[in-house]
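**Student:** Fold the following, please.
(2 chains)
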Amino acid sequence: MTEGGIYKRKIIGPLLTMLTNHVFLLLLCCSMALPFVWMLLTSFKPFTEVQSTHWIPDNWQPENYPETFKALRYGALAGEEAGKWQWWQYFTDSAFMRYYFNSLFIAGWVTLLQCLTSAMAAFAFSRLKWKGRDKVFLMYLGTMMIPGLVLMIPNYKIMAWLGWVDSYTGLIIPAAFTAFGTFLLRQFMLSIPSSLDEAAEIDGASKWQVFWNVIMPLTKPGLIVLCIFTFMSTYKSFFWPLVMLRSQHKYTLPVGLLFFDSSQGQETQLLMAAVAMSVVPLIIMFVFMQKHLVKGIQLGAVKG
Amino acid sequence: MRTFFGVSLLIMIALTVLAVGTLPESRSDLPLLWWTSDPNPARGPQIAAFEKWMKEKSKEDSRYRPVRLQLDSNNMGTMKVIIQSASGVGSDIVDVYGGGNLRQYVAAGVLMDVTDLAKEYGFGPDKTYAAAREELFVDGRQYAFPCNVTANPLTINRGFLEREGLPLPKYDWTWDEFLEWCLKVRKVDHKGNVIRYAIWPFNIRSLWPTNGGTIFNETLTRSTLDSQAVLEATNFYYDLMFKYKVMPTPMDRSAMASQSGYGGSMLQWIGNELVVAVGIGRYGLIQLRKFKNFKPDVSLFPYKIMPMQFVFSRAAGINASSRHKRLAVGFLEFLADTPYNKMIIGDADALPPNPQIARTKEFLAPSKFPNERGVHEKYLKAAEEYGVGQEYSRFISPTTVDRIITYYDSGISSRSIGIKDGLNLMANEINREIQHAVKRDPKLKSDFDKALARQAKIDALKASGEPVPIEMVDNPVIRKLMEAGKWR
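**Tutor:** Residues are numbered from 1 along each chain as shown, chains lettered A, B, ... in the order given. Coordinates of the predicted model:
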């Protein structure tokens, strides 16, 4: 082979492949980022430019952000202008902060409970030996195959029967149990050597102590992943809160934002400002936890 | 691990105390009324005003009590309202979007008959627009009262016309006068392409009554969409689009939206001066006020026989299974009273339900919007003087009629079907659906036979050239034409 041939095969070839891959990935990244960029730019546009096909606002309007709070203010009189607000009014006078709080509050409870219940179920399915365990697990896992919408009506009927419609309980308790979380943590627990349980039991530990003092600390990476997934999915959940909630004071952010698309017209610029603010917790979470997120995706693929 | 879960649990418990403790219902023992309506920023002030109104009324009349009203904007779907009401968990007050929706709710037993209560508490038909009757009554019984009313005449960018020195519109105008104006205000570039249209496409049904065309006959037993009057009006509409090019076709709209950079909304088009007139009611001003220096004017849809404007409403009815019916009736009374009507006047959310309260300085010449002087009166006049109720036949579901008309109209506008053929198909399909509905329901069949017998009498009177007594006629458009002596 000539020197030129070797050069082409060893240098140019891989370089071209790498370049192609990078261009492809860059395009993919851009296509993913475009809706987000559009959202951010639209949140700075005045109403008259919202439907414009120009992406960059001709007149930048950062006032859309405080206006979002004012548009959702409590108890204003008809036709009264919101005027200039003191900083504390954004917390006391705007329903937007309440929606924010409700979303974080519900997501917080669901995450906490789901981690506990999933860990306990996963422990039972992975560390305890009992008759029919794997069959029950398969059945439990089978619930993941049923589309959520199919369960919507029976779930709603149960909630109505329990008197949990339009309550925080109705949003938190049904979401506190999940086959996905159980599956995820079971896979993780299966990778922990059983000799650890045996050693603890020889030392006189009860099943609860084995679970709480031995297995749980070792499952920490799995729990972090479950926390992230659960928090994110509950925080952005729309349909179940939409069906369950009636009182505005209990609305979560995705439901509350419907106010910007009412019979009085669509306030797209305010909606985009509100959405931009609502994704902040998720972005913070992503920045700090991205390492664990990737690990979580791998966890699901680990053979038990 | 134990510390983490323990601390998290404590934080969540503290947040729960905060969340539950700050909920309004945990701070009050007043009766709670639920109102199913849309998530509109105006609802908050309206609720506060109603609560205040009930409180003040309760001081002078023992039939009233202070209440709390809460919005339930998540359960607006017709099916959701019907199912929840049947299960006994529906809202006390239900918004009704037009006469078609009203008839669905009445048929499903959702709404309470308020005819007698309306007389007693003063929210009967005399407190609203005559043309809104079809939106509130079914078989002569009242089931709702309007939250707001609208006629959707042509809203015109008068400021632009004045600035460009273009002819101003007339309030009521014939087809010919309208076409002449359209051709003058439209702008064409040197290549012959239209760069500014006169009018945004509107609902074709708006033109039919202006030529004496109707969807149904006098007794609402047969479709008359295959009549000469409807054909002429439809031809005129599509001539505006295809022959005179004063109104954009769907293709023109998408082409111009991308070229101009202003998207596809009609309000964006009129606000950015790509079109001069759009068919929208007073509520359009809420958005149009955001365009700097927008100065509106109002005209009726053009006519050949007589000007007419369909009247629409968003009304409220009482749930027949409500536990607080008596208190909920107070809400309908509130809708007819001054405080609520003043709020509608203030935020331009269509027309106030009670026109008697509309004629105030605040409505006719709002000080905050000097550009709108004289405009609001024109919207009011369109509903009061030229308003007509929509044609709802009890022998066919209004949604079926809508579906059939929309389907064939889209075929006509895309030119995949001729105008005459399209109208014949609409009429045939509506008549076929009427026959199916009547065949399925013996009670309806009996009413239908009676209506057919009455129709035969009307036809005989018409054939002999004798006048037809207006009491024999159910169709509101034909009644309006008869009152004006224009029915042929």
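**Student:** rest of the way, CA atoms for contacts and neighbours
**Tutor:** Noted.
**Student:** wait, what's in contact with the most centrally placed residue in chain A?
**Tutor:** Closest to where the C-alpha atoms of chain A average out (C-alpha atoms, centre = their mean) is residue A:232, at 1.3 Å. Each residue near residue A:232 by C-alpha atoms under 8 Å, 6 or more residues apart in numbering or on different chains is listed here: A:107, A:282.
**Student:** host element of it?
**Tutor:** Using DSSP states H and E, the element containing residue A:232 is helix A:220-235.
**Student:** Could I get the buried residue list for that helix?
**Tutor:** Residues of helix A:220-235 classed as buried by neighbour count (16 or more other C-alpha atoms under 10 Å in any protein chain shown): A:221-232, A:234-235.
**Student:** what stretches of the chain score poorly on pLDDT?
**Tutor:** All of this is about chain A. Along chain A, the model assigns pLDDT under 70 to residues A:1-3, A:74-83, A:262-265, A:295-304.
**Student:** wait, I meant chain B there
**Tutor:** B:25-28, B:41, B:74, B:257-264.
**Student:** Neighbours of residue B:180, how many?
**Tutor:** 11 (other C-alpha atoms under 10 Å in any protein chain shown).
**Student:** looking at this, it is in a strand?
**Tutor:** No: under DSSP: H, G, I helix; E, B strand; the rest coil, residue B:180 sits outside any strand and is assigned helix.
**Student:** show me where the stretch 51-200 of chain B has strands.
**Tutor:** For the stretch 51-200 of chain B, the strands defined by DSSP state E, counting those that start in this stretch cover B:68-71, B:93-97, B:137-138, B:141-142, B:144-151, B:154-157, B:187-188, B:194-199.
**Student:** With chain A instead?
**Tutor:** For chain A, strands defined by DSSP state E occupy the ranges A:261-262, A:265-266.
**Student:** Export the buried residues of helix A:220-235 as a markdown table, with columns for distance to residue B:139.
**Tutor:** As requested, the buried residues of helix A:220-235 are exported to a markdown table (distance: C-alpha to C-alpha, whole Å):
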| residue | distance to residue B:139 |
| --- | --- |
| A:221 | 68 |
| A:222 | 65 |
| A:223 | 63 |
| A:224 | 63 |
| A:225 | 62 |
| A:226 | 59 |
| A:227 | 59 |
| A:228 | 58 |
| A:229 | 56 |
| A:230 | 54 |
| A:231 | 53 |
| A:232 | 52 |
| A:234 | 48 |
| A:235 | 48 |
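**Student:** Kindly indicate which of those lies nearest residue B:443.
**Tutor:** Distances from residue B:443 to the buried residues of helix A:220-235, taken as C-alpha to C-alpha, are shortest for residue A:234 (51.0 Å).
**Student:** Once you drop chain neighbours, what's closest to that closest one?
**Tutor:** Spatial nearest neighbour of residue A:234, excluding adjacent residues (C-alpha to C-alpha, 6 or more residues apart in numbering or on different chains): residue A:107 at 5.2 Å.
**Student:** these two touch, right, the one you found and residue A:231?
**Tutor:** Yes: counting by C-alpha atoms under 8 Å, residue A:107 does reach residue A:231; the two are 5.3 Å apart.
**Student:** tally of neighbours for residue 193?
**Tutor:** Looking at chain A here, since you left the chain open. For residue A:193, the number of neighbouring residues by other C-alpha under 10 Å comes to 9.
**Student:** sorry, should have said chain B
**Tutor:** Look at residue B:193: counted by other C-alpha under 10 Å, it has 11 neighbours.
**Student:** what do you get for residue B:176?
**Tutor:** 12.
**Student:** what sits against it?
**Tutor:** Applying C-alpha under 8 Å, 6+ apart to residue B:176 gives no contacts.
**Student:** try 10 Å
**Tutor:** By C-alpha atoms under 10 Å, 6 or more residues apart in numbering or on different chains, the contact list for residue B:176 reads B:182, B:302-304.
**Student:** repeat for residue B:419
**Tutor:** B:231-232, B:234-235, B:238, B:408-409, B:411-413, B:425.
**Student:** give me phi/psi at it?
**Tutor:** The phi/psi pair for residue B:419 (degrees, to the nearest 10) reads phi -60, psi -50.
**Student:** which ones are touching residue A:286?
**Tutor:** By C-alpha under 10 Å, 6+ apart, residue A:286 lies in contact with A:228, A:232, A:280, A:292-293.
**Student:** Let's see that with 8 Å instead.
**Tutor:** Counting by C-alpha under 8 Å, 6+ apart, residue A:286 touches residue A:293.
**Student:** From chain B, how far out is it?
**Tutor:** Distance, residue A:286 to chain B, using C-alpha to the nearest C-alpha, to the nearest Å: 20 Å.
**Student:** now swap in residue A:212 and tell me
**Tutor:** Distance from residue A:212 to chain B, counting by C-alpha to the nearest C-alpha: 8 Å.
**Student:** Just give the number of residues close to that residue.
**Tutor:** 17.
**Student:** Not counting its neighbours along the chain, what's nearest residue A:211?
**Tutor:** Nearest non-adjacent residue to residue A:211, counting by C-alpha to C-alpha, 6+ apart: residue A:123, 7.0 Å away.
**Student:** ok, the one you found - how many residues close by?
**Tutor:** Counted with other C-alpha under 10 Å, residue A:123 comes out at 23.
**Student:** do the one 5 residues further on as well
**Tutor:** The burial count assigned to residue A:128 is 10, neighbours taken as other C-alpha under 10 Å.
**Student:** Against residue A:184, how distant is it?
**Tutor:** 17 Å (C-alpha to C-alpha, to the nearest Å).
**Student:** re the thing from before, and which of the contacts of residue B:419 is nearest to residue B:311?
**Tutor:** Among those, residue B:234 lies closest to residue B:311 (C-alpha to C-alpha), at 20.3 Å.
**Student:** starting at the chain centroid, how far to the strand or helix carrying that closest one?
**Tutor:** Assigned by DSSP H and E, residue B:234 belongs to helix B:228-238. Helix B:228-238 sits 23 Å away from the centroid of its parent chain (C-alpha atoms, centre = their mean, to the nearest Å).
**Student:** Could I get the buried residue list for it?
**Tutor:** By neighbour count on 16+ other C-alpha under 10 Å, the buried set for helix B:228-238 is B:229-234, B:236-238.
**Student:** what's in contact with that helix?
**Tutor:** B:204, B:207-208, B:210-214, B:225, B:413, B:419-420, B:423.
**Student:** Quick check, residue B:133 in contact with residue B:125.
**Tutor:** Yes: contact criterion C-alpha under 8 Å: residue B:133 and residue B:125 qualify, at 6.7 Å.
**Student:** These two: which has the busier surroundings?
**Tutor:** When residue B:133 and residue B:125 are compared for neighbours, residue B:133 comes out ahead with 26 against 21, by other C-alpha under 10 Å.
**Student:** Contacts only, for the more buried one.
**Tutor:** By C-alpha under 8 Å, 6+ apart, residue B:133 lies in contact with B:125, B:389.
**Student:** repeat for residue B:278
**Tutor:** Neighbouring residues of residue B:278 by C-alpha under 8 Å, 6+ apart: B:154-156, B:199-202, B:266-267, B:270.
**Student:** Of those residues, which is the nearest to residue B:481?
**Tutor:** Checking the contacts of residue B:278 against residue B:481 by C-alpha to C-alpha gives residue B:154 as the nearest, at 21.3 Å.
**Student:** beta partners for that closest one?
**Tutor:** Taking DSSP bridges as the rule, residue B:154 bridges to residue B:279, residue B:299.
**Student:** ditto for residue B:70
**Tutor:** Going by DSSP bridges, residue B:70 is paired in beta bridges with residue B:34.
**Student:** What's the biggest helix in chain A, counting residues?
**Tutor:** helix A:95-126 (DSSP state H).
**Student:** and that one, which residues are buried?
**Tutor:** Going by neighbour count (16+ other C-alpha under 10 Å), the buried part of helix A:95-126 is A:95-126.
**Student:** Now do the domain split for chain A, please.
**Tutor:** A:3-42, A:89-303 (automatic domain parsing).
**Student:** Check the stretch 101-250 of chain A for the residue nearest chain B and tell me.
**Tutor:** Evaluated by C-alpha to the nearest C-alpha, the stretch 101-250 of chain A has residue A:246 as its residue closest to chain B, separated by 4.8 Å.
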